[in-house]
Structures are given as structure tokens and as C-alpha cells.
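> take a look and give me a structure for this.
(one chain, ligands or ions: 1)
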Amino acid sequence: MSVDQDKAGGWAAPLHTGLLVLASGEIVKGFGVGATGAATGEVCFNTAMTGYEEILTDPSYSGQIVTFTFPHVGNVGANDEDIETVDLGKSAGALGAIFAAPVTGPSSHRAQQHLADWLVARGVIGLYGIDTRALTALIREKGMPNAVVAHSPDGKFDVEALLAQARAWPGIDGMDLVPGVGTKERYDWSQTCWRLGSGFGERRAPAKFRVVAIDYGVKRNILRLLAEAGCEVLVAPATASAREILALEPDGVFLSNGPGDPAETGKYAVPVIRELLERRVPVFGICLGHQMMALAVGAKTEKMPQGHHGANHPVKDFTTGKVEIVSMNHGFAVNRETLPANAKETHRSLFDGSNCGIALTDRPAFSVQHHPEASPGPQDSHYLFTRFVDMMAKAKAA
Ligand SMILES: NC(=O)CC[C@H](N)C(=O)O
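Model prediction:
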């Protein structure tokens, strides 16, 4: 913590170089790290103990400021291999990061950069010296607040202006953030998972199945696990029409994760998904992809009060009766009561009973709310990629 010694030899009050200004009027003082300036978004908390780089570069966090409940962040530094946005440069992901302790220096053979420098390079505003327990308790009690995170090295802030900025922000409910992330061009993906010693691999030809992955803000590790499962992966933009997707002759279509309010994708993505389902194309969706598939069959999504963000959430798979510990990152959920008769619930959160997965009874299609690709998180749900491949095999044989 930076504390200035005054001329008289006594200790002056610390110079607060960072602020979190909540739309409610509460002001949390701390110390800035990373990029300077001010950014407006929704504050959520993430309970993962590892994987801060993957979290901060997950495009689903666009429009959000992430509070890390784990106190020590930075000890493995940052590197290009752990970035989850497909575009390696400064792009989508969280706009702000809130830490309890000062960012730790790197101590890892994989580190290329100090996290503080990496935050600057990516334009992420960081704040440390924050009582993250109190902030998390506030979110649990009152929901995820809209706020401005600000970093000014000279400690000067126009608090009134920042408060007005936080209050003027309309909030994620009703906001379509997909157009700001994801690819605009179609491309192919063949990289497989990282292994100690050899790094990333490449899918071996020939592929068993051709998958069109629709990119609403996809994470790299999802594409890697599709390639790892033996699929040829063709990534298509979120605006691709059903005709364009079908012209690629897919054995299956993957619906990616992504930021914002799922209901706002109703004008472009949902009708495309509906058409693919009607044509009996095998479909697998993750997170936003799950929510959009539910919308496509007529169900409704709703904003959650505190959301699920972490790498330790228990979810039950009713298909096998097994409980898996999963990675989560969502602030909206599918309302189970609105599911039509042909969509049965396959997964449920054992934390709050919210819906975590559906499968259609009359179509080859399923989707999950959690993140089976983890990154970061446990790998209990990797089996879902095999389930997708099995579903494509069955559809092909039929
Ligand atoms: N990870 C995701 O795909 C998030 C989906 C959606 N934006 C939500 O917050 O619920």
C-alpha cells in the first residue's frame, strides 16, 4: 500500500489513487493499478482461486468489473497463452478488476509480464486495498451494482461527475453486448489444448465431424476442446444467417458464450438458432448459447440478483445422477417454469436451484449454463464435448 511520509516525519493519510463509485452513492476508496481513467460497468464477484487472466479476458465479462474474492492475485503473472479472447490484443473482457491486496509480482516459468503491466497494456483499470469481503457481502445482499471504477495517479477525482456517470449507465439488463465482441469474419480453428512440455497442439486430420461454432464472444478453450474432440471447427460471426451456416454443411452447430442480456439477441441470433433446430441440425450451447437456445424454443431468461461467477459451483447432471464441480460466469438464467414440454431440464445448480442445462426431447440439441471448458476451473464437465460428438455421430448414422 502506498503511504506518503509527510515533511514533518509523521505519517500522512494514504493517497487514494483509485475509487469505486457505486450508483447508490457509496464510494469505496482504494489504490489504482493498471490502466488509468474511468470505466462504467456492473460489479460482480468471482470466487475462483486461480485463473485471473482467463477470467479477465473472458469476453462474457464485457461491461463488467470483477471483484476477486481470493485475496492474492498476480503470483503467476500474465502470458499470451492464458488469454481467452480470440483476439490476443487489447479487446473484449472485463473493464475493471478489484483486488484486496496489492498485485503480487510473478513467480512462474510461464510468466511473460507482471500482471500490473498487463492490465495497463489491456486497458483494464485495477483497484486494490479494497475490503472485497464487504463488497461481496453488499452484492449478495443488494445485487450487482452499476458503478464507475476510476484510477488517477495524482489522487484527484471529480466524484460528482463519476457518480453522475455511474447513475447514467443503463445497466446490463436490456443491453446487447454481443456486437462489441467476437469475430466479424469466418475463420477456421485447429488448435488443441495446452500440455506441459509441448504447449498447444494441432488437431490431426481427418476430422470426424464438421462443427460450425457461432461466435457471440467465444472463449479459446471451447474451440480447443471442440478440436480436441476431433472436430473440424469453422467459426462463424454472430450475425451469420441460417442459410450461410447450412451452406458450410455442418454435422453440428455450437452456440458460444457471450456477454450481455440474452433476450436482446432475439432479433438476429435466436431466429437463426430456431431455424437450425427446426432443420434437426445437432446443436450444443454453452452459457449465452444455452440461454439463446432456451429462448429459441420459447422459454424466458431473467436477470439474477447476484449471478454465478466462480470455479467451485456444484451442478447436478440428471442424466447420470452425478454432481460436477464447475466453472460459472453468468448474470442471467433460464426460468425453468417457462420451458416448453419438449425441453427437459438436465442440469441444476446445487447452490441456488437455478437451471443449468436443457435437452430437447424431439431434436438433437442440448445446452448448459455452466462452462465445461473451465479455463479456469475444474474439468469435471469436459464430458459434455463427448456428449456433443456422440450426438452428432447418432444424427449422422440416422
Ligand atoms: N458466460 C456467458 O456466456 C454469460 C451469458 C450472459 N451474458 C449472462 O451473463 O448470463
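> run through the residues that contact the closest residue to residue 186 other than its chain neighbours.
Residue nearest to residue 186 in three dimensions, not counting chain neighbours: residue 236, with 5.2 Å by C-beta to C-beta, 6 or more residues apart in numbering. Every residue, glycine included, has its C-beta placed from N, CA and C. Residue 236 sits next to 186, 212, 213, 214, 215, 244, 245, 248 when contact means C-beta atoms under 8 Å, 6 or more residues apart in numbering.
> partner strands of the helix or strand containing residue 236, parallel or antiparallel?
Element membership for residue 236, per DSSP states H and E: strand 231-237. Paired neighbours of strand 231-237 in the sheet (DSSP bridges): strand 187-189 (antiparallel), strand 209-215 (parallel).
> how about the CA coordinates for the last one, as CSV?
Output in CSV follows, covering the C-alpha atoms of strand 209-215 (Å, rounded to 0.1, in the frame of the first residue of the first chain):
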residue,chain,number,x,y,z
PHE,A,209,-17.2,-34.1,-37.7
ARG,A,210,-17.6,-30.6,-39.0
VAL,A,211,-18.8,-28.1,-36.4
VAL,A,212,-19.8,-24.5,-37.1
ALA,A,213,-19.2,-22.5,-33.9
ILE,A,214,-21.2,-19.3,-33.8
ASP,A,215,-19.1,-16.7,-32.0
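> residues from the stretch 251-398 of the chain in reach of the ligand?
257, 258, 259, 260, 262, 287, 288, 329, 330, 331, 332 (C-beta under 6 Å from any ligand atom).
> neighbour count, pLDDT and secondary structure added to those, as CSV?
Converted to CSV, those look like this (neighbours: other C-beta atoms under 10 Å; pLDDT from 0 to 100; DSSP: H, G, I helix; E, B strand; the rest coil):
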residue, neighbour count, pLDDT, secondary structure
257, 26, 98, coil
258, 32, 97, coil
259, 29, 97, coil
260, 26, 97, coil
262, 29, 98, helix
287, 31, 98, coil
288, 32, 98, helix
329, 27, 98, strand
330, 24, 98, strand
331, 24, 98, strand
332, 20, 98, strand
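> got the CA coordinates for the strand holding residue 236 in CSV?
Provided in CSV are the C-alpha atoms of strand 231-237 (Å, rounded to 0.1, in the frame of the first residue of the first chain):
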residue,chain,number,x,y,z
CYS,A,231,-14.0,-31.8,-34.8
GLU,A,232,-13.1,-29.5,-37.8
VAL,A,233,-14.1,-26.1,-36.3
LEU,A,234,-15.4,-23.4,-38.6
VAL,A,235,-16.0,-20.2,-36.6
ALA,A,236,-18.9,-18.0,-37.9
PRO,A,237,-19.8,-14.5,-36.9
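> any idea of the mean pLDDT for it?
The pLDDT scores in strand 231-237 average 98.
> residue 352: how many residues sit nearby?
Taking other C-beta atoms under 10 Å as the neighbour definition, residue 352 ends up with a count of 12.
> could you do residue 80 as well?
As a burial measure, residue 80 scores 11 neighbours (other C-beta under 10 Å).
> that one reaches residue 112, doesn't it?
Yes. Counting by C-beta atoms under 8 Å, residue 80 touches residue 112, with 6.5 Å between them.
> mind listing the helices for the stretch 1-150 of the chain?
Secondary structure of the stretch 1-150 of the chain (DSSP state H, counting those that start in this stretch): helices at 52-56, 115-122, 132-142.
> show me where pLDDT drops low in the stretch 1-150 of the chain?
1-11, 88-91 (pLDDT under 70).
> spell out which residues of it are next to the ligand.
Within the stretch 1-150 of the chain, the positions near the ligand by C-beta under 6 Å from any ligand atom are residue 60.
> so which residues of the stretch 1-150 of the chain form strands?
Secondary structure of the stretch 1-150 of the chain (DSSP state E, counting those that start in this stretch): strands located at 18-22, 27-34, 37-46, 64-68, 96-98, 125-128, 146-151.
> out of these, which is the most enclosed?
strand 96-98 (a mean of 29; mean count of other C-beta atoms under 10 Å).
> what about the nearest residue to residue 86 once chain neighbours are set aside, neighbour count?
Setting aside the residues directly before and after it, residue 86 is nearest to residue 220 in space (C-beta to C-beta, 6+ apart), at 6.0 Å. When neighbours are counted by other C-beta under 10 Å, residue 220 registers 22.
> residue 319 now?
Residue 319: 13 surrounding residues under other C-beta under 10 Å.
> make sure it is indeed in a helix.
No. Under the criterion used here (DSSP: H, G, I helix; E, B strand; the rest coil), residue 319 is coil, not part of a helix.
> you'd agree it is up against residue 346?
Yes. Counting by C-beta under 8 Å, residue 346 is a contact partner of residue 319 at 5.5 Å.
> common neighbours of these two, please.
Common neighbours of residue 319 and residue 346 (criterion: C-beta under 8 Å, 6+ apart): residue 359.
> touching, the residue nearest to residue 86 and residue 83? I think so.
Yes. Using C-beta under 8 Å, residue 220 is in contact with residue 83, at 7.2 Å.
> looking at the helices of the stretch 1-150 of the chain, which is buried most?
helix 52-56 comes out most buried of these by mean count of other C-beta under 10 Å, with a mean of 26.
> count the neighbours of the spatially closest residue to residue 222 that is not a sequence neighbour for me.
Leaving aside its chain neighbours, residue 222 sits nearest to residue 373 (4.4 Å; criterion: C-beta to C-beta, 6+ apart). The tally of other residues near residue 373 (other C-beta under 10 Å) stands at 27.
> kindly state the pLDDT recorded for residue 373?
In this model, residue 373 is scored at 97, pLDDT.
> who are the contact partners of it?
Taking C-beta under 8 Å, 6+ apart, one finds 219, 221, 222, 224, 225, 286, 327, 382 in contact with residue 373.
> so the helix or strand that contains the fourth one versus strand 231-237, what angle?
Which is residue 224. Assignment of secondary structure by DSSP H and E places residue 224 within helix 220-228. Orientation check (axes from the mean of the first three to the mean of the last three C-alpha atoms, to 10 degrees): helix 220-228 against strand 231-237 gives 140 degrees.
> how far out from the middle of the chain is helix 220-228?
Counting by C-alpha atoms, centre = their mean, to the nearest Å, helix 220-228 is centred 15 Å from the centre of its parent chain.
> that one close to the ligand?
No. Helix 220-228 lies apart from the ligand when judged by C-beta under 6 Å from any ligand atom; the minimum separation is 10.2 Å.
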